[in-house]
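K.L.:
Build me a structure from this.
(2 chains)
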Amino acid sequence: MQWETVIGLEVHVQLATQSKIFSGASTAYGAEPNTQACAVDLGLPGVLPVLNENAVAMAVRFGLAIDAEIPEISVFDRKNYFYPDLPKGYQTSQMGQPIVGAGEVEITLEDSSTHTVRIHHAHLEEDAGKSVHENFHSQTGIDLNRAGTPLLEIVSEPDMRSPKEASAYVRALHTLVTYLGISDGNMNEGSMRCDVNVSVRPKGQESFGTRAEVKNVNSFRFIERAIEVEVERQIDLLEDGGTVVQETRLFDPDRDETRSMRTKEEANDYRYFPCPDLLPLMLDQAYVDHQRTLLPELPAEKRQRFIDVLGLSSYDAAVLTATRAMAEYFEQVHTRCSDAKLAANWVQGELSGRLNKENLDITQSPVSAEQLGDLLLRLKDDTINGKAAKQVFAELWSRTFETADEVIEAKGLKQVTDTAAIEAVVDQVIADNPIQVTQYKDAEPDKRGKMIGFFVGQAMKASKGTANPQQVNQLLKQKLDALL
Amino acid sequence: MAIEHADVLRAAHLARLGIDDADATRYVGDLSRILEMVDALQGVDTEGVAPLAHPLDATQPLRADEAIEPDRREAFQACAPSVSQGYYLVPRVVE
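P.N.:
Presented below is the predicted three-dimensional model:
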């Protein structure tokens, strides 16, 4: 039997606010345990939550970016359950009237095809604390610093049909929220966390199969793998005559499997009701319109502009707009050197290569966009050649010099374009290599083109890399062919 | 709306309330009478009436996004049953 996979995702995005969603405690990552958990976060008696205006603004901007309706009224509800990292005994969330209505996100697959994923809604809620099981003898430690951190939960329709589509969707969301500046998108620090709803059905069948919810899928790599192993499990089960049970499962990357979270089975009655401590949130049209004016250029718009205005290929445009930091870096380099193609090649080539090798993010690049832009300007105006440019880049990378011009000056990398000087070098190379000259003369005419490379190499070496390679090539060809 | 013995035990469990069988039997009667009273509301015609999320006719005020709370861990942990290395300690949670 041919099976089709159906996937829907719930993605929790930690919003990049300074303070928590309902209290003035800091949200900074990595503080000493419980030093950023105030009376509201601890659920102490007599406290009153007050909503953070920035969390609201960020949620609205996300909604506008996915072309969603922003309802005039949204309501906070209590989701009731007991767990030690949730001291209030309920999570403040939104159930029936979320802040962001239905919208759409466009995803691009590896083969450049695009596909629309519908968003059912997105709602605001608070994060829970963290449990530490390792360090305490037969006890669990609770750190409530994360409790009350604002989350935007983005719920998709079951519109994805393969693990690749699911990871492309999460990447698209990641790009979007980092462009909007509403999240740092740092998956290692849990800024984006996914729950994946997976089901299978015989190909051609209209109704959905029973789904399982897979939790703890917190990296791009794990999203695809978790879906693959869960799909395999469900198909095996159905083909052996079994049935899929609707349940919550946990992905275990070490054992490469999903397993049932039996402890939560009977906890699924959350008894939602409107939170009496919070009034309905009202957002009028003027507010929404104002938020719209604060939207930056979105990734899809930027990509199109790079193609239409800067003349980049769609591949280059996609790579350079993958993150906002990358796009901004590229745009600064381009502003400096006014050559989009040259800037694109260097950002994707020399720079990205080095960054990958040293496992650095573009924001940590030792070479600034201004430095690279100025370097490319010297390449473009023929002050230096390509080989020297790489040397200058290496010097800037190791931070021995401040600017490209300093390196060029100190290392004597200025390109020699004076014909007489190059001619002298070329004559010397020909005189020093009589055997190769004879071989050149004896070679078939169509082989000579390749053989000239040896002489070019020798000449570049003799000029310490500063000769203009095109001129060297041309002069050598003239002089060698004159010997025939 | 009738409520049964099992419903009472389930509600008590969800709320983590320890009640015995005799209590449960008594609550079946009490809760059923409360529900009957609330049931009177079902008779009201609510066609075209939006659900009310809050009894106050007001909307949510917003707070500036500023981290202004000081670290009061020591004071808060003074009344916790068990703490270690800055963490609140609870009986081991098994996943």
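
K.L.:
give me phi/psi at the residue most central in space within chain B?
P.N.:
Centroid-nearest residue in chain B, with C-alpha atoms, centre = their mean: residue B:15, separated by 7.3 Å. Phi and psi for residue B:15, reported as degrees, to the nearest 10, are phi -90, psi 0.

K.L.:
And residue A:266, what's its pLDDT?
P.N.:
Looking at residue A:266, its pLDDT is 55.

K.L.:
Residue A:262 now?
P.N.:
Value for residue A:262, per-residue pLDDT: 62.

K.L.:
do the one 10 residues further on as well
P.N.:
As summarised for this prediction, residue A:272 has a pLDDT of 93.

K.L.:
Give me the number of neighbouring residues for it.
P.N.:
When neighbours are defined as other C-beta atoms under 10 Å in any protein chain shown, residue A:272 has 15 of them. Just so you know, the C-beta spots here come from the backbone N, C-alpha and C atoms, and that holds for glycine as well.

K.L.:
Distance-wise, check it relative to chain B.
P.N.:
Distance, residue A:272 to chain B, by C-beta to the nearest C-beta, to the nearest Å: 12 Å.

K.L.:
Identify the residue of the stretch 301-450 of chain A closest to chain B, quick one.
P.N.:
Closest residue of the stretch 301-450 of chain A to chain B, C-beta to the nearest C-beta: residue A:324 (20.7 Å).

K.L.:
Verify the stated contact: residue B:25 with residue B:5.
P.N.:
Yes. The criterion here is C-beta atoms under 8 Å, and residue B:25 meets it with residue B:5 at 6.7 Å.

K.L.:
who touches the longest strand anywhere in chain B?
P.N.:
Secondary structure of chain B per DSSP state E: the longest strand is strand B:87-91. For strand B:87-91, contacts defined as C-beta atoms under 8 Å, 6 or more residues apart in numbering or on different chains pick out A:33-34, A:84, A:132, A:136, A:139-144, B:77, B:80-83.

K.L.:
from those residues, which single one is nearest residue A:207?
P.N.:
residue A:84 (39.8 Å; C-beta to C-beta).

K.L.:
Around the spatially closest residue to that closest one that is not a sequence neighbour, how many other residues sit close by?
P.N.:
Setting aside the residues directly before and after it, residue A:84 is nearest to residue B:90 in space (C-beta to C-beta, 6 or more residues apart in numbering or on different chains), at 4.3 Å. By other C-beta under 10 Å, the residues close to residue B:90 number 18.

K.L.:
and what of the one 4 residues further on?
P.N.:
As a burial measure, the neighbour count of residue B:94 was computed by other C-beta under 10 Å and equals 7.

K.L.:
next one: residue A:228
P.N.:
Residue A:228 sits with 15 neighbouring residues when counted by other C-beta under 10 Å.

K.L.:
From what I see, residue A:224 and residue A:163 are in contact.
P.N.:
Yes. Using C-beta under 8 Å, residue A:224 makes contact with residue A:163 at a distance of 3.9 Å.

K.L.:
List buried residues within the contacts of strand B:87-91.
P.N.:
Taking 16 or more other C-beta atoms under 10 Å in any protein chain shown as the criterion, what is buried in the contacts of strand B:87-91 is A:33-34, A:84, A:132, A:136, A:139-144, B:83.

K.L.:
May I see these organised as JSON lines, with pLDDT added?
P.N.:
Shown next, in JSON lines, are those (pLDDT from 0 to 100):
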{"residue": "A:33", "pLDDT": "97"}
{"residue": "A:34", "pLDDT": "98"}
{"residue": "A:84", "pLDDT": "92"}
{"residue": "A:132", "pLDDT": "92"}
{"residue": "A:136", "pLDDT": "87"}
{"residue": "A:139", "pLDDT": "93"}
{"residue": "A:140", "pLDDT": "95"}
{"residue": "A:141", "pLDDT": "96"}
{"residue": "A:142", "pLDDT": "97"}
{"residue": "A:143", "pLDDT": "97"}
{"residue": "A:144", "pLDDT": "98"}
{"residue": "B:83", "pLDDT": "96"}
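
K.L.:
so which strand or helix has residue A:91?
P.N.:
For residue A:91, the host element (DSSP states H and E) is strand A:90-93.

K.L.:
what comes into contact with that strand?
P.N.:
Contact partners of strand A:90-93, identified using C-beta under 8 Å, 6+ apart, comprise A:21-22, A:49, A:76-81, A:123-126, A:128, A:153, A:272, A:275, A:278.

K.L.:
then that strand to PDB, C-alphas only?
P.N.:
Taking C-alpha atoms only, strand A:90-93 is exported to PDB below (Å, rounded to 0.1, in the frame of the first residue of the first chain):
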ATOM      1  CA  TYR A  90      -2.300  26.900  35.300                       C
ATOM      2  CA  GLN A  91      -0.600  28.400  32.200                       C
ATOM      3  CA  THR A  92      -2.000  31.700  31.000                       C
ATOM      4  CA  SER A  93      -2.700  31.100  27.300                       C
END
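
K.L.:
same question for the helix or strand just after it, mean pLDDT?
P.N.:
The C-terminal neighbour of strand A:90-93 among helices and strands, as given by DSSP H and E, is strand A:103-108. This predicted structure assigns strand A:103-108 an average pLDDT of 94.

K.L.:
and the longest helix along chain B, what does it pack onto?
P.N.:
For chain B, the helix with the greatest residue count under DSSP state H is helix B:21-39. Applying 3 or more C-beta pairs under 8 Å, 6 or more residues apart in numbering or on different chains; DSSP states H and E, one finds that helix B:21-39 contacts helix B:5-14.

K.L.:
what's in contact with the helix it packs on?
P.N.:
With C-beta under 8 Å, 6+ apart, helix B:5-14 has contacts from A:80, A:269, A:271, B:18-19, B:24-25, B:27-28, B:31.

K.L.:
which ones among the contacts of strand A:90-93 are found in strands?
P.N.:
Counted as lying in strands by DSSP E, out of these, are A:77-80, A:123-126, A:153.

K.L.:
Mind checking which of those residues are buried?
P.N.:
Buried by 16+ other C-beta under 10 Å: A:77-80, A:123-126, A:153, out of those.
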